[in-house]
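> got a predicted structure plus its sequence, pasted below:
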Number of protein chains: 2
Amino acid sequence: MDKRENSIEISKTEFQKIGYQLIDTISEFLDDISGKPVTTSKSPKELQEVLGNASLPKEGKPAEQLLASASKLLFDNSLLNGHPKFFGFITSSAAPIGALADLLAASVNPNVGGQILSPIATEIEKQTIKWLAEFIGVSPNYGGVLVSGGNMANFTAFLAARTAKAPKDLKEKGLSNNSKQLISYCSKSTHTWIDKAAILFGHGSDSIRWIPTDDSNKMNTQTLEQTIKEDIAQGHQPFMVVGTAGDVSTGVVDNLEAIAAICKTNDLWFHIDGAYGIPAAVIPELKELFNGVEEADSIALDPHKWLYSPLEAGCTLVKNPKHLIETYSSHPEYYNFSLTEEGGSLNYFEYGLQNSRGFRALKVWLALQQIGSDGYVKLISEDIALSKYFAELADKHSELEAVTQNLSIATLRYIPKNLDLVGEERTEYLNTLNETLVTKLQEGGELFLSNAIVKEHYCMRACIVNFRTTKKDIEECIEIIVKAGCEIHKLLIQQ
Amino acid sequence: MDKRENSIEISKTEFQKIGYQLIDTISEFLDDISGKPVTTSKSPKELQEVLGNASLPKEGKPAEQLLASASKLLFDNSLLNGHPKFFGFITSSAAPIGALADLLAASVNPNVGGQILSPIATEIEKQTIKWLAEFIGVSPNYGGVLVSGGNMANFTAFLAARTAKAPKDLKEKGLSNNSKQLISYCSKSTHTWIDKAAILFGHGSDSIRWIPTDDSNKMNTQTLEQTIKEDIAQGHQPFMVVGTAGDVSTGVVDNLEAIAAICKTNDLWFHIDGAYGIPAAVIPELKELFNGVEEADSIALDPHKWLYSPLEAGCTLVKNPKHLIETYSSHPEYYNFSLTEEGGSLNYFEYGLQNSRGFRALKVWLALQQIGSDGYVKLISEDIALSKYFAELADKHSELEAVTQNLSIATLRYIPKNLDLVGEERTEYLNTLNETLVTKLQEGGELFLSNAIVKEHYCMRACIVNFRTTKKDIEECIEIIVKAGCEIHKLLIQQ
C-alpha cells in the first residue's frame, strides 16, 4: 500500500477536464436561465421515476459521467430561483461568485469549528462578521457567527437571550427546576421560527406572547408593554422581545426604537429578526425605518436572502459576544473571547450549536468584496423600486389590486371585472380564486410567486431579492397573472 | 431598468475564464498537497496581519482578481485535512468530486427545505438517505435528513426521542410543567454533543447519566441497568440511551445489542452515535461488532467523516420517520410522510431544525456513486489496516508505546529510553512530555495528529479517515514523532 489505488482520487489532468466541462455547462445554464421555465411541471411521483429506484451501487462510476448526468438532471428538474421571474418565498438569485467560492471552500475543506483547524478561514469569518455589522449600521464590535439560515440565526440568539436572563443554574438544572415560566414576545406576523424555538428548547409554545399588530401591520407596542406587566404580575419571567425587520409576509418593519425602549425599561433581551429585511438599512432613505437597530442585543441577518449568497448562509450578530460563549462553550475559563485583543483566537464551536462547521464565510466575504457596499445600495434599491413598480402596475390595472408594499415585497389580488358578489361571499370567492391562481402560476413555470394572508385576504406575494429581474419582467408578470386569473375565474364561475 | 447593469452578474465568457482558472489552481493544489506543510506556522495574530484590518469596501472588485488572491491566501494559510499525513480530530480527506458537487449545487441553488422549492433535489436527498441506511445495514425504510454535522445529527435524534417518550403536552407546556425529570444515558466517553443538547434543549446537564466504561472502554451495561432502576425509583423519567459506535477518543464501539435489549425492556429510545464509526459496519469482518444496529430508533452518521465528503454533511436516520414529523412539523395533518407511498412529497423543514436548507445531499449522492459500496469497503478497510500498522510500528519501537487501537484510531505515547522516574512522578512527566509533543507536532506542519486521554494517560491520537495516506506516510510519521519526542525530552530534563 505504498500507493493507494482508489476510485475516489481524481488526477490533475482529469480534474481539469471534468472541471472545465462543469464550468462550461454551468456558464451556459446561467447564461440561458431566463429562457428556461422557472420550475419543472413534473410531480414528485414523476420525478421519482426520472431518478429511478436503484439500490446503492456496488461498483463505482467515473466522476465525469456522473457530473454530466447530474447537471442535466438538475438543470431540467429544478425550481430556478436565479430566474428573473422568480419572486417566491425569500430565496435570492444567487451571486455566481458564491458558487465558485463554494468550490474553493470545499477543495480546501477547512473545519471552521476550531481555530487550529481553520487558521485563515476563522479570520475570514471574523472579518465577514465585522463587515456585516458595519454594513447594517451597528458597531463593528458586535461579534457573531455564520449559521445555516434564518431558523438557526434566530435560534442562536434565542438561546443567548435565555442564558443572559434566566437563572444562572439553568445549565445544570434545566427548565423543570425553574419556578417561573420564561416568556418571549413577538408580533403576530413573526416567522414560524419562534414557535419551533419555544418547542425545541423546552419552553413550550404557550410561553410565546403573540402581540397583535396595528393598522400598519407593526407590533402594537402599547399592548406589548401591557402584556409584559400582566405576565410579571402573574409571576412569570419575561426574557426577550423579538422585533421583526422585514416580516416575511408583507415586509413590514416593527417600530424597533419603541421596542428597544421597552426592553431597556424591563431589562429584557432585544432581538431583531432581520433575516430578510435588515440589509435595507443600508439605503440612506430608509435609515429612519431601522432606527433602534443599534440597540439590539442580537440580530439575525441572512446573507442567502438579500445579500444574494447561495444557500446556506445565515448570520447571528450579538452586541456582547460573551453571551454566545456563556451559552455554547463548555470551558469558558480557557477561552479568550475578545475580538479586539491582538492575537486572540476564536473557536467558532463555542459561538453556536455546531461543532464541525463548513467555510460558508468565503462566499459571503467574496461577494461583499465583489459588489462593495455601494453596489449593494444599488442592487437593494433597485429591488425595492421594482417591487413598487409591481404594486403600481397592479393598482393601475382594472383587474388587480395592490394590497401592501413594503421593502421589496408587494402583495396583490386578482379581482375579476364585474364581480357581483358582496360581503363574505365576495371575500370567500376572491380567496379561493387567488389561492387557485397562486397554485396555477407556480405550476405554470412562467413566473414563481408565493402567497400571503393579509387581514384574512388571500394574496399573491412577490418578494424581489433578485438582481436579474428587470422592469420588463415585472410588466410581463402582470400580463401572465391577469391572463391566468381570467381563465381561472371563467372555470370557477362555470362550476 | 430594462437591463440591470450590475457588478454581481458574471457573463458567460467571463464565468468560463474565471472558472477554468479556479479549476487549474485547485487541480494544482490537490496534486501537490502532499508536498505542502500540513498546516501554517502563523499565529492568529500573524494571520490577522496577512488579512489586514480593512473596513467593508465601498467599491467592488473584479471576481477574477478576488478568486485568485483568495485561492493563494487559503492554500498558504490553511490546515490541509486532505494532506496524507493529516490524522487529527475526525475530519476526512475530502473527495474531489464533493467540491465539484458543491459548485453545481450552489449554481442551481435549490432550497431543500420544501419540495416545491427543490423538486429533484428533494428526491436526491431521499435517495441518499435510503442508500446510507442500506449502506450501514439497516432497513431502507429508515427515514432521515442530512444536517450540518455530528452535533446536529445527534441533536435531531435527541429531540425526536424526547417527543416520542415525553408527555404529549410538552410542545405546548414546555419542560417546566413536567413533574418528572427526563433522563438520558450514555457512556463516559460520549462526545460533548450530549452535554450541549441537555443544556440547550432545557434539560440541564444534571439530567445526563454518564455511565462508567469497562476495561475495554465500552459502556458498562450492568451499571446502565442499575442506574435506570434507581432513577425510576426516584421518580425520574428515563427516556433515551446513547450507544456510541466509534467513540472519538479511541474508536471503541459499545455493546449495541445489550443496550438495545435494555432499551426494549425499559421502553427507552435507543440512539446510536455512529457519526464517526458506523460506516465500518460495511466491512464484513466487523459486522459482528455492530450487531444491534438494526434495533436503533435513531442513528447519527456523518458523511463528512468516514464517507470522505467535504464539510458540511451530517445525517440523522430514524427508524420511524413520523417521530421527526411530530417533533419538527407544525402541521402534521396536511403532511404525507410515507416515503414508500408513490407520489408522496416530503418537505425537509418538517424533518429537522432548519427551514431553508442547502443541497448538501448532492456531494454525498455523487460520491456514493463514484466510489460504490465495494469502493468504500476497500477504502475503509485500508484506513483500518493503516491504523493497525501505526500501532504495530509504535509497539515495535523502543521509544513508543501503542495504547489503544480500534477502528481507524490508534493512540500512542512517546516514552524516552532509560527514563528513571517511577509511579506518579513518571506518569506526570510522560503526560507533560506527550502533551508538549502533540503541540510541537501540530505546529511543525510535517504531520497533524490530536490527543486523547486514556486512563489518565495523555496520548497522541491518530484517526485515519484519509484515502491519501499510505504505509510510507505512517513509517515517516513514526520517525517524525520519535525525533520530536527526543528533542522535547532533552529540553524538558534540562529544565
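Okay, I see it.
> what's the nearest residue to the residue in the stretch 51-200 of chain A that chain B sits nearest to if we skip its chain neighbours?
Proximity of the stretch 51-200 of chain A to chain B (C-beta to the nearest C-beta) peaks at residue A:174, 2.8 Å away. In this view, the C-beta of every residue, glycine as well, is placed from N, C-alpha and C. Among residues not flanking residue A:174 along the chain, residue B:204 sits closest, at 2.8 Å (C-beta to C-beta, 6 or more residues apart in numbering or on different chains).
> please report how far the one you found lies from residue B:71.
46 Å (C-beta to C-beta, to the nearest Å).
> so between the two, which is more surrounded?
Neighbour tally, residue B:204 and residue B:71, criterion other C-beta atoms under 10 Å in any protein chain shown: the higher count belongs to residue B:204, 23 against 20.
> these two touch, right, the more buried one and residue A:173?
Yes: at 4.6 Å, residue B:204 counts as touching residue A:173 under the criterion of C-beta atoms under 8 Å.
> okay, and the common contacts of the two?
Here residue B:204 and residue A:173 share no contacting residue, scored by C-beta atoms under 8 Å, 6 or more residues apart in numbering or on different chains.
> could you double-check that residue A:435 sits in contact with residue A:450?
No: in this structure, residue A:435 is not within contact of residue A:450 by C-beta under 8 Å, at 11.5 Å.
> tell me which of the two has more neighbours.
Of the pair residue A:435 and residue A:450, residue A:450 is the one with more neighbours under other C-beta under 10 Å, namely 20 against 16.
> quick check: phi and psi at that one.
As for residue A:450, its main-chain torsions (degrees, to the nearest 10) stand at phi -120, psi -160.
> ok, it - contacts?
Going by C-beta under 8 Å, 6+ apart, residue A:450 touches A:87, A:88, A:89, A:438, A:442, A:460, A:461, A:463.
> please apply the same query to residue A:213.
Counting by C-beta under 8 Å, 6+ apart, residue A:213 has contacts A:187, A:188, A:189, A:219, A:220, A:252.
> bridged to the first one, which residues?
Okay, so that is residue A:187. Note on residue A:187: beta-bridge partners residue A:211, judged by DSSP bridges.
> other SSEs contacting the lengthiest helix in chain A?
If you go by DSSP state H, chain A has its longest helix at helix A:361-396. Packing partners of helix A:361-396 (3 or more C-beta pairs under 8 Å, 6 or more residues apart in numbering or on different chains; DSSP states H and E): helix A:96-108, helix A:119-136, helix A:303-306, strand A:400-406, strand A:409-414, strand A:457-463, helix A:471-494, helix B:63-76.
> got the ones you listed as a markdown table, with mean pLDDT and distance to residue B:17 columns?
Below are these laid out as a markdown table (pLDDT from 0 to 100; distance: least, C-beta to C-beta, whole Å):
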| stretch | mean pLDDT | distance to residue B:17 |
| --- | --- | --- |
| helix A:96-108 | 98 | 12 |
| helix A:119-136 | 97 | 24 |
| helix A:303-306 | 98 | 26 |
| strand A:400-406 | 98 | 40 |
| strand A:409-414 | 98 | 37 |
| strand A:457-463 | 97 | 33 |
| helix A:471-494 | 97 | 28 |
| helix B:63-76 | 98 | 7 |
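> ok, which of those comes nearest residue B:26?
For residue B:26, the closest of the helices and strands packed on helix A:361-396 is helix A:96-108, at 4.7 Å, according to C-beta to C-beta.
> and that closest one, anywhere near chain B?
Yes: applying C-beta under 8 Å from any C-beta of the partner chain, one finds helix A:96-108 touching chain B at A:96-108.
> check stretch A:128-138 too.
Yes: Stretch A:128-138 lies within reach of chain B by C-beta under 8 Å from any C-beta, at A:131, A:134, A:135.
> what about the second one, neighbour count?
The one in question is residue A:134. For residue A:134, using other C-beta under 10 Å, the count is 17.
> so who does it touch?
A:140, B:55, B:56.
> on that earlier part again, also near chain B: which of the contacts of residue A:450, exactly?
Restricting those to those near chain B - C-beta under 8 Å from any C-beta - leaves A:88, A:89, A:442.
> so which of these is the most crowded?
Neighbour-wise, the ones next to chain B among the contacts of residue A:450 (other C-beta under 10 Å) top out at residue A:88, 25 neighbours.
> my read: that one touches residue A:448, true?
Yes: with contact defined as C-beta under 8 Å, residue A:88 reaches residue A:448; the gap is 4.4 Å.
> overlap in contacts of the two?
By C-beta under 8 Å, 6+ apart, the residues touching both residue A:88 and residue A:448 are A:79, A:81, A:442.
> is the second one in a helix, a strand, or coil?
Reducing the assignment at residue A:81 to three states with DSSP: H, G, I helix; E, B strand; the rest coil gives coil.
> okay, the nearest residue to it once chain neighbours are set aside: pLDDT?
Ranked by C-beta to C-beta, 6+ apart and with sequence neighbours excluded, the top spatial neighbour of residue A:81 is residue A:91, at 4.5 Å. The model reports residue A:91 with a pLDDT of 93.
> can you list the residues of the stretch 351-495 of chain A near chain B?
A:353-359, A:362-363, A:366-375, A:378-379, A:382, A:385-386, A:442, A:467-472.
> on that earlier part again, as JSON lines, the shared contacts of residue A:88 and residue A:448 with distance to residue A:414 and pLDDT would be great.
Below are the shared contacts of residue A:88 and residue A:448 laid out as JSON lines (distance: C-beta to C-beta, whole Å; pLDDT from 0 to 100):
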{"residue": "A:79", "distance to residue A:414": "22", "pLDDT": "97"}
{"residue": "A:81", "distance to residue A:414": "24", "pLDDT": "97"}
{"residue": "A:442", "distance to residue A:414": "14", "pLDDT": "94"}
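> sweet, I'm off.
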